[in-house]
Structure formats: C-alpha cells, structure tokens
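Peer 1: Predicted model follows, preceded by the sequence.
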Number of protein chains: 2
Amino acid sequence: MSRKIITIFSFFVLLSFDLQAEDGHDLWLRGKGTNSVNVICSKKSPTLSIAMQELRQGWQGKTNEKIELVVKSDKAIKGDGFRIGKNRIQANTDIGILYGVYELMRRQQTGENIYEEVCNPSYERRILNHWDNLDGTIERGYAGSSIFWRKGKDSLTVTYTDKQLWQEYARANASIGINGSVLNNVNASPAILTADYLKKTKEIADVLRPYGIRTYLSVNFASPQVIGGLKTSDPLNSEVAQWWKNKVKEIYSLIPDFGGFLVKANSEGQPGPQDFGRTHADGANMLADALSPFGGMVMWRAFVYNPSDEDRAKQAYSEFMPLDGQFRDNVIIQVKNGPIDFQPREPFSPLFGAMKKTSVMPELQITQEYLGQSVHLVYLATMWEEFLKSDTYQEGKGSTVACCTDGSLFPQKHTAIAGVSNIGSDVNWCGHPFAQSNWYAFGRLAWNNSLSSEQIADEWIKLTFSDNSGESEIDVENSIYSPDWQVNFLQPVKQMMLNSREAAVNYMMPLGLHHIFAADHHYGPGPWWAPTGVRKDWTPPYYHKADSIGIGFDRTATGSNAVSQYQEPLQSMFSNSQTCPDIYLLWFHHLPWNFIMKDGQTLWDELCYHYDKGVRQVREFQKTWDQVQRYVDSERFSQVQTKLREQCMNAQVWKDACLLYFRQFSKMPFPNDMERPVNNLEDLIKKDEQSRKIK
Amino acid sequence: MSRKIITIFSFFVLLSFDLQAEDGHDLWLRGKGTNSVNVICSKKSPTLSIAMQELRQGWQGKTNEKIELVVKSDKAIKGDGFRIGKNRIQANTDIGILYGVYELMRRQQTGENIYEEVCNPSYERRILNHWDNLDGTIERGYAGSSIFWRKGKDSLTVTYTDKQLWQEYARANASIGINGSVLNNVNASPAILTADYLKKTKEIADVLRPYGIRTYLSVNFASPQVIGGLKTSDPLNSEVAQWWKNKVKEIYSLIPDFGGFLVKANSEGQPGPQDFGRTHADGANMLADALSPFGGMVMWRAFVYNPSDEDRAKQAYSEFMPLDGQFRDNVIIQVKNGPIDFQPREPFSPLFGAMKKTSVMPELQITQEYLGQSVHLVYLATMWEEFLKSDTYQEGKGSTVACCTDGSLFPQKHTAIAGVSNIGSDVNWCGHPFAQSNWYAFGRLAWNNSLSSEQIADEWIKLTFSDNSGESEIDVENSIYSPDWQVNFLQPVKQMMLNSREAAVNYMMPLGLHHIFAADHHYGPGPWWAPTGVRKDWTPPYYHKADSIGIGFDRTATGSNAVSQYQEPLQSMFSNSQTCPDIYLLWFHHLPWNFIMKDGQTLWDELCYHYDKGVRQVREFQKTWDQVQRYVDSERFSQVQTKLREQCMNAQVWKDACLLYFRQFSKMPFPNDMERPVNNLEDLIKKDEQSRKIK
C-alpha cells in the first residue's frame, strides 16, 4: 500500500495510532495508552500542547496519575535537556519538556526503570541530512522519493497530505531527539535559494518548528552567479558577500529560527572558494558572517579529494589541518566518520581530535549506500559505537571521537552530529523494516553518544515489534515483557542485529578492504572495475591493490604514510603489521598472500574464511527470522524474510566475486573446508557491466 | 577451440593420438602404446585392419609380444562376442575380433586381469538414437549441432572433415560395443527418404561399416503421402505397402547392411496407422514386411499418450498390451525405461516382462534432457543399473528388466537396447566432460547388462583422466595405477559420480515426484506452470497434484490404478503407502503433508531434507573436484569446476522453487536445521516466464 493511501485514511497524526500497524509506517511509535493521566502544565505553547497530547494518548503508567510539566531554568540541565521523574518533567525549554515526555513514555513502554534523573544531550545540534534533489529523487535513497520535493508543475504546492507527512516525520524525529533537518542534497541546486523554493521551505519549517526541529539548507557555492546574476562567487568579493547577506536576511524573514547552511564545496565537481583562489576558510567564513547576526551556522564539509597522486585517505586532513583556527565560531567542519567514504569499515578520520581550534562534527550515513541499501539487514549502531568509542589519543588515552566532538575535550563553541537520512516516501519510510532501527539509533546516539548499540537495539525492538498482535505483549501494570517474548524474540533478533554489520563486513570487505564496490551503484562487488579513462581513485583496484605478491593499501611510511596523520600510539600500532588490528590490516598494509596472521593462518585462508563466514551468518539470520515468525505480523515478517533471501544471495555473490577475482592473483587454493563459489567470475563481471548499461 | 580447427590439424584419426588431449576430444581413447607388438591375423578385411592398427598403436603389454587374431566359429561365442586371452583373440566375426582388441586394450590400460574368457554381448543390437534434425539442430542436444546433418546450400555435400569425424565417432562406438546408429530424429522429416538424403546416408554408412556399425533411419509414417505423392499412408493400402517396399529396396541398394527403421507413430502429433483406423501392429508389420527380405528391423516406439482422462503413466501399457503377439518377428517394441518420460527417477515401465510374445527393447536417454543437460554432472549408469536390475516378477522372482529384454527369459527373436545420444559437434562431443561417461556407460551396459555402474565408472575414469600429464600415471609393466592416484583421485571422483544421480533426484524430484520441470526446456523447475489452454498432461500440477491436503499422484486402486499394471508382489507393495519404497512414494500415492515416513519424520520435513541434501551434495562435489585439481589437466579441470558452480546454483534454484511453491499448500514451517531458501518464488516464476519468452 502506498503512503498516500495510508495518509488519506488517517485523520491527524496525533490521533492516528489506529493506522494499521503492519505496514511499518508507525515506526517505533506504536505504544498505545490505555490509562488516563492528569497532566498539569502552567505554560502554553504549541510544543507543550504536543507534549500534553502525547502523554494523554500514550500514557502507560498508573491510571489517573498526575504528571507535572515544568519549564524552569536549572543549571544541571543543559540545552534541550530535562529532568525526569515519575510524576514530573522539568526543562529549560519547551522542547526539553517534549523530549522528557518522549523519554518517559519510552521507559514506560520498554519497561525501563523511571527514577529522578537529568538527561542532557551529547550534541547541541542533532541533524538529519537529506540528500533530496528538488526533482524529488534522492541521491543514495532507497526508500522511494523525497517527502519534501517533487517534480512537475505542482512541485511547489503544499498539500494537506504533505503537511501531515512532515508532521509525522517531525514527531518521529522529536521522539528520538533530532532537532535539525537539512532539506536538500549537499550536491545542491542553486534553485533552492530562489523565492519559490524558500517559500516552500518556510512551509516545511512551520510544520517542523513545534517539534523543535530547525530547518537548514544545502547551498551551492556558485549561487551568486547562477541565480544572483553576479559575475563571480568569489567569497572575498564584496558584492558576493552582500548577495549572501541579503539572501540570509530574506531567509530569516521567512524562517526566524533557520538553522544555517550545509556546504559541499570543491568536492566531486561542486563549486567552491578554490575556484577563485580562496581557501575553504575564506568561503566558510564569508557565509558565517552572513548568518552570524541571526544565530545561523555554517556546516562545511571536509569530504574533499582530488585525482592527485596523494592517497585519497590523506587529502581531507592535508587540506583542512592547515586551516585549523582560521574558521569563525559559527562554522563547524563536518567530517565523515572515516577518511574515505562511509565504507562498511574504516578507521576514524584522523581529523577528529586533530583540529583542536575548530568545531568539528561527525557525519554518519544512515542510508545504506555501501551496506546493502534497502535490501540487506544491517544495523549500523555497532559501527557508530565502534567509531564514537575509537580513541584518537589526541589528548592522551581516552580521547575518544565522542569526547573530541561533543565538547567535553575541546571548548568548541558548537557541537553537532549529522546523519545522512534513509527516509523516503515508502510507506515504511526506510525501505527495509530494520532500516528504521538506523534512523532510531542515529537519533539516540546523537542525544547520548555513550549509549551502547545493544541498549538501542533492545529499545527499538521493544518499541517496534511488540504490541502488534492484537493482544498486548506488554504487561502494562509492571511494564515487563513476557519472558517467552524476551527469550524467543527479543534476544535472537537483537543478536541478529548486533551481528549484522560484522556479517556485512565479512561478506563484502573483511580485514580492512574497502571501496571494492561495483561502480556507480555501490551495491554489489566490482573489484575488477577499472576502465581506462576513469579516475583511478574511483576504481576498486586503487583501493585493494591486489597483485601477484599480495593485497592491501600500504599506508605506512613505505607507502602513502597516511598512518602519520594519526596520533601515537596509533601511528606505531597501525604501522606494524604485527600490531595492526586485523580489522584494519589491509587498510594500512599491502601484505603477501601467505602472510601469517595472528591466528596462524595465511592471509589468503583468513580472507576466504571471512567471506565464507559472512555467507553463513546471513543464512543464520534467515533461520533466526523464520523462527520468530509467530511474534511478528505477517506483513513485516514476509518483507524481512524476502529481503533476507536476497541478502543471502548477494552475500554469495560478494564472496564468489571477491574470492574468484583475488584468486587470480593469489593463485592459492581455497581452504578445504570452505564452501565453494557457485558463481563464475566471468558471469558476475558480465552482469555487473549489464547493470551499468541499464542505468 | 572448435572441433573443426582440431580436425584441420589432425592427420588421420588412427594416427591422431597426438591431438592435444586437454579438450576432451579423445574421450576414453587416450591410451598410447609404448611397446611394439607382433600381430598375426590370417584373414584380411577393413575391420581386421583396424583391429591390427589399434593393437600396434595402443599396445601396453610386454614389448614384442605376439598376439593372434582368429576368426573361427565357436558355439560358446554368440553373435559379435569373442574369446579373449593374453595372446589370442578369437571370434565368429571380424567385428568380434575388433571388440576383443578393444577389450584387451581396455584391460591393459585399466590394469584389469587378462585371462582366457568368452565375452558375449547381452543384446544383439546396441543402438544410438540420434535426435538430429536435417537442419543440423538436435532435439534435446546440448553439445553443439549434428555431426551428420547441417543447414544451408552445402547441406548434402560430404567433406573430408565430415568423414574424419564420423570415423572418430565410429571408432569410439566400436570401442564400447555399440553397433547401430539411427542417424535422424524420431520426430522424423519425410525428407530423409528422398534420394539426396539417402545418398548422404550411404556415405555415412560407408564410413561406419568397418567399425561394425549398421545405419538405421527414423521414418515418418506419412512419407508415402508427403514425398511419395500417394493419397494415403494407410498401412493396409497396397499402394502404400508397395511404396515402402520400393523405398526399402532403394535403400538396400545403397546400403546393403542397412539396419532398419525406427518409428515414432501416433505420438505427440506424429502421424501413424491410427490416423487411418489401423493399429500400431498394422503399421509396424507393413514396414516389417518391406524390410524382412533384407534382414531389416522395425523398432516401433511405445512412447504414446493422449490428453485423455487416463493417467499418462498407464497409456503405453493400455495401448500395446492388447497387441502382444500380433507383431512380426522383425518388429521390436522400443519402450522407454519408465512409464512417463526419462525422469530423474521412475519405476520401470510395466510393459517390460509383460509383453511376453513380442520382442521388447529398452530405450534409455543418454542426453540429459531431464537431468541438467550439459551443465550438471550426473552419471547415469546408476540409474540404468537400478532400471535393468528392477525385478518385474513376471516369471517369478528374478525376472529383472535385463532378463526380460536380453532374451534370457523370453525367446524373443531379436534383442536390442537403444540410447538417445548426447553427441554433438562440441569438441568434447558431449558438452560436459563427465557426460562422456554416460555415452561410455551406455555402450558398456548394452554389451553387458550385468556390469555394475561402479565398475564402469572405474574403467571410465582410468581411461579418461589418467596419462594426460605428460608423465604416465600408469605403471605399464604391471598395469597398476599409483596408490596415490587411486586413493586421492580415482576413489573420490568415482564416489562423486556414483552419488551424482541421487543428488540430482534430491534437489529436483525426491520421493517419487516427477515431471515438475519448467515447460519446454526441461532444465529448471516449474511446479507452478499450468497456463490455461495447455494440455493438462504437459503441466507439472498434473504430476505433483499438490493441494492443501497433500502431494503426490494416487496411482493405487483409489486413484488411476496404474499400479494394477505391475505384477504381484509389486502391485501390493506399491499400493500400500507403508510398504511402497520411499523413492516411489509420491509416484504412487497422494499423501498428507504430515504423513509419517518410515524414519518417523513428516512427509513435509522429509521433502525439505531431501531438497536441502541435494544442494549440500553438489557443494561436496565442488570440494571433491577442487581437491583433485593436481591430477587433472587445467582445461578439463576448469570446465568441470565452472559447470559445478552453475549446477550448485541451479540446485539451489530447484530447492527454493519447489519448497517455496509446495509450502504454499503445506503451510508447514521449514525444519529448523534446514538451510533457508535464498531465491524468492515470485522472482523464480518471473525468470521462468522470461526464459520462455526468449525462446
């Protein structure tokens, strides 16, 4: 069923709990209140109204209990944080109250203890980046088309249905603490800053505002030329600066709480200050100066690389480190978690913790561009946890990426974290029922970067898969799930989620391999893809460097020396093949096929076993899922079952393609106990080529 | 490399042992003589010349040993049989000598003992049926195009290369005792009997003759009308009879040892005597009378069925049993091994042993129409052994199909056995290197129907895979293969072959399921295929009859009662689901999904485990093959490896398609320890439809 049909039947989002639950549209917001509650709130605001309504509709505490909502300044409470108790929520801001309400209701629904506690957010800005194009397509979107933009002559009209969906979207985000949305693709069309689009942006912002979500836009650095009619977009040109000032003023007149700009400049063909001989700092600061009077931010992306001789993994650091300290206070450098590009596994980008005089924010990718898109079940929180807990050692042991970015280690003026959204017009928002867990997990980690991925999975499963059988699985009185459900559903499904990312790494790119994807679509394997005329750093052989001697990218001092961008003791640890963690081995080293691994096996055998294990892991997921059938509605059950089959087949393709390709170089036999490939390499290469032709 | 290129380089077949061996063109005839031999033969003939030349080229006995070839009548020797000894071969006929020579050389090469022994053939006529069309295509051929016929303006010219290939073909057949070839498809073009085609047939026959191979033709029963210009083909019409007499005379004037006609009449749309209100006997006898003066035979096929209400499995018996005793002496009824159509497993056709007053010959299918074509490694001798050793009980216990057809039980005037050829223009003749073993096995079983499939596999592997590494694996002096080779190559490869047919049954149609193939191409699964307007007996649901209650074809007294066509105690044994062998269970019974099998499992679980096991077995074949790599030349090694991969993928498709389809009816869960499907049913159905559209 399409989303539109659903929304026609629904009346108003806050009253729409009775929507049929099986299509996944209700996300983790499925809890129904059964008891009445007595809500007391001395203040009035749209946000507080929502808070009160949520309580009345979702209350699962004792019936007729009293709950007090108190907006009152408290030094223990930071920003949008709150103080929560069984019968009282206190916050500095209205939105803090709403967050507290969602927290209280989550605890009621998941059976967590509720005691008096202050909850403060790890990051001031918790932002979704939508790579939505103005024609309604979504770059790297796998769940339908944009919920904000569309093609055609009614592209700028806003319907009741649009607003309803935006409100649902806002509510879902607010429920997990997300407070910002960049509404358009970082590969930004200049048209976004034209009056028509700004008018529509205002309409979106108006819907999002009561849920505490500020609106941001991605801007094209050449906008002054393209839509402003100027001869240049040079950031040091006063006309250009003035053009941006005017534009910013125009925006704020429409959207007084506008969040700011996200900029992809001089990256993958996008215009930027370097086109005019200026630096990233020159460009960012010019925009920052325009935004500053209104409290707006510039999020300037560090995702830059050129087809030069320098190792791509080094380029962001090389380019931005010299600029450390040159950025305005309201500029924050947005850095992807790894030095390359959202791979199944990367070490953290060395910019984290290194830029000590500049605000730096992590950019995570929720949409599974490189992790099976909307087909593979891959829970990303384990990856993000691994990343956030990575120790940069920049200020001694314990200088985790989390600490380096959330303000606890450096006095950066602003803190933020961004996630590239996986949201689209599909009825279940994210394509794969389990992809919702990644949206959820991003929000939860953005609020609290010390949460474990297990805790988040636990919450999400309870909120998403319970209470949809008609009979409640929750013992509302005691807020405890049945032991049967916990043992036979929660535990195995959680374990599957927790294993899923490592499984993907195993069948795609184990031992530090990276970016050996099929070109363009980044879905299947393409370790062979290297046509003449294509930028070398866009081809897999650039990254795996398989040859008759061995495999892997030498980033030690004998190679690109990217390792030098890391603080000691990481530099030494990564540099030595004996101490480099297996998970990053081929990221940092080109090693012989018969290199002896820590467990005594050859590198070749180890590689084989990893790929083989990946396939087996997916097969186990299939069994796990089949065995929980009776706990899941048939619609979501069969969706996931169907996708797992495809995932299993894809995992086999990954294994076969990579092992058969690499074996051409290793010339070593497969280990006897490894299951053999079932695809032939030539067929896979042919199919890969055909798939590109079709596109 | 194409066959043609090969033959350009070769000089003369008997001198062509030096052909590069890796392409498989040399079949099982790879043995090279290293020692000289002193051949004594008092008589001269083209056949004896070949015998002498074979000995001189292939001799692996002691050097300078004497061997005597003696053509002399001996009552202990029957037909083309021979008496063999270390230094003497005696036979009633020249071709008997040649068979003796091949036997001696086989024993030398395989290290078998050579002692004095009489070897007589089980069947008088050991015939290949070529389903070759006159345009060069081959019905159910998976190894290139016809070696006899071709399209185009030079279709009737005979080149040196043609003759060379026919000679290679004849030699290969003679080496395993095959003595007849039906050169054209049973769905016969009337054109075969025109002067031009008969002239070409004569040229083929001339090449085949020295190798003891008689030429036969398939004829179209309507030939008198189509090419004779008569108004009818009624067999009782005297003009028609005369036309055939004239035609036969014409043929024998060209080919004095012409073997006779093979006829597919009133079957699958072919014309026949029933078109004129006559019986099969009327038709066959009329042709027999024309052939009789020249010693020619009519092989009349019993493969008949109509889209009537009668169970297809019963129809051949119903139609032919009443005619028993009405056929001329030189008519032999050619009956497919099973009552349906060359399925992966069928019980024997009840006509065997039942027609006591008529000569009956088995028709086996060497080409793997229903057994994975030229992709799957399936050694068919185990199936044929199972068939030949099936006890019909027609003359009490021990009345095996072999005894019922080879003249030992009934005094039938002629005995014969036919195999539908898998030979084509592919350089390795049969498409799959292991498909050669089926050609080999057919010849060996036709010669000696009591040979075990294991013995045949043993011989074939030794002849086909030894001595091709440059260094001989054979200790010629002692005719013993190295223990390492025997343990690490011969044994595992033989085991793989011996398991291969059961594996195919497991992943395609276990427990007596049959004919659930995709329409037309009979390669992949199509249990769902049943479009309106298609004859029901051409659709899989006709055969599997899966419904909410259960699965299988009830052929007991409560159903079609096909079981009544079997002699007791088979009738009773097959009728009772408790005593019916598992392998035929769903052939004879429609049973509930939760029927309890002999091992205590439900039918559904058992079905699942069989399919699952089939896939696992192919995976094991892959491992086996990889592990014998060092014993095999790279060309054949990688051919087989590549095909095994495809087979494994196909096995998975079979399993997934059948289990997912049947599960729609059983509604039972897959057993917990079964590996889950990885294909989705809808995708498989869509692909199946597309594959038919392409055709």
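Peer 2: Looks like it arrived, so ask away.

Peer 1: how does chain A divide into domains?
Peer 2: Residue ranges for the domains of chain A, per automatic domain parsing: A:31-120, A:125-450, A:504-553+A:590-694.

Peer 1: Wondering if stretch A:656-676 reaches chain B at all.
Peer 2: Yes: counting by Cβ under 8 Å from any Cβ of the partner chain, chain B has neighbours in stretch A:656-676: A:656, A:669-670, A:672, A:675-676. (Glycine included, C-beta is placed from N, CA and C.)

Peer 1: my read: A:Y566 touches A:F574, true?
Peer 2: Yes: using Cβ atoms under 8 Å, A:Y566 is in contact with A:F574, at 6.3 Å.

Peer 1: list the residues that contact both of these two?
Peer 2: Counting by Cβ atoms under 8 Å, 6 or more residues apart in numbering or on different chains, the residues touching both A:Y566 and A:F574 are A:P347.

Peer 1: for the stretch 151-300 of chain A, what spans make up the helices?
Peer 2: Ranges of helices in the stretch 151-300 of chain A, per DSSP state H, counting those that start in this stretch, are A:160-175, A:195-208, A:223-226, A:238-254, A:280-291.

Peer 1: Give me the packing partners of the first one, helices and strands only.
Peer 2: Read that as helix A:160-175. helix A:3-9, helix A:94-110, helix A:195-208, helix A:436-447 (3 or more Cβ pairs under 8 Å, 6 or more residues apart in numbering or on different chains; DSSP states H and E).

Peer 1: just the third one next, same as before
Peer 2: Using 3+ Cβ pairs under 8 Å, 6+ apart as the contact criterion, the elements in contact with helix A:223-226 are helix A:238-254.

Peer 1: got the CA coordinates for the helix it packs on in PDB?
Peer 2: Taking C-alpha atoms only, helix A:238-254 is exported to PDB below (Å, rounded to 0.1, in the frame of the first residue of the first chain):
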ATOM      1  CA  SER A 238      32.100  42.400  -1.600                       C
ATOM      2  CA  GLU A 239      29.200  42.100  -3.900                       C
ATOM      3  CA  VAL A 240      29.200  38.400  -3.400                       C
ATOM      4  CA  ALA A 241      29.300  38.800   0.400                       C
ATOM      5  CA  GLN A 242      26.500  41.300   0.200                       C
ATOM      6  CA  TRP A 243      24.400  38.900  -2.000                       C
ATOM      7  CA  TRP A 244      24.700  36.200   0.600                       C
ATOM      8  CA  LYS A 245      23.800  38.700   3.400                       C
ATOM      9  CA  ASN A 246      20.700  39.700   1.500                       C
ATOM     10  CA  LYS A 247      19.800  36.100   0.900                       C
ATOM     11  CA  VAL A 248      20.300  35.200   4.500                       C
ATOM     12  CA  LYS A 249      18.100  38.100   5.600                       C
ATOM     13  CA  GLU A 250      15.400  37.000   3.200                       C
ATOM     14  CA  ILE A 251      15.500  33.500   4.600                       C
ATOM     15  CA  TYR A 252      15.300  34.700   8.200                       C
ATOM     16  CA  SER A 253      12.400  36.900   7.400                       C
ATOM     17  CA  LEU A 254      10.600  33.700   6.400                       C
END
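
Peer 1: ok, and for it, which residues are buried?
Peer 2: A:240-241, A:243-245, A:247-248, A:251-252, A:254 (16 or more other Cβ atoms under 10 Å in any protein chain shown).

Peer 1: Need the residues that contact it.
Peer 2: For helix A:238-254, contacts defined as Cβ under 8 Å, 6+ apart pick out A:193, A:195, A:198-199, A:201-202, A:205, A:217, A:223-224, A:228, A:230, A:232-235, A:258, A:286-287, A:289-291, A:294, A:296.

Peer 1: Type out the PyMOL command that picks the buried ones from those residues.
Peer 2: Per 16+ other Cβ under 10 Å, the buried members of these correspond to this PyMOL selection:
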select buried, chain A and resi 193+198+201+202+205+217+223+224+228+230+233+234+235+258+286+287+289+290+291+294+296
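
Peer 1: So in chain A, where's the weakest helix or strand by average pLDDT?
Peer 2: One helix or strand of chain A scores below all others by mean pLDDT, DSSP states H and E: helix A:3-9, with a mean of 40.

Peer 1: Now the helix or strand just after it: buried residues?
Peer 2: The helix or strand immediately downstream of helix A:3-9 is strand A:37-41, counting by DSSP states H and E. With burial defined by 16+ other Cβ under 10 Å, the residues of strand A:37-41 counted as buried are A:37, A:39, A:41.

Peer 1: Quick check: nearest residue in space to the last one, chain neighbours excluded?
Peer 2: The one in question is A:C41. With Cβ to Cβ, 6 or more residues apart in numbering or on different chains as the criterion, A:C41 has its nearest non-adjacent residue at 4.1 Å, and that residue is A:L69.
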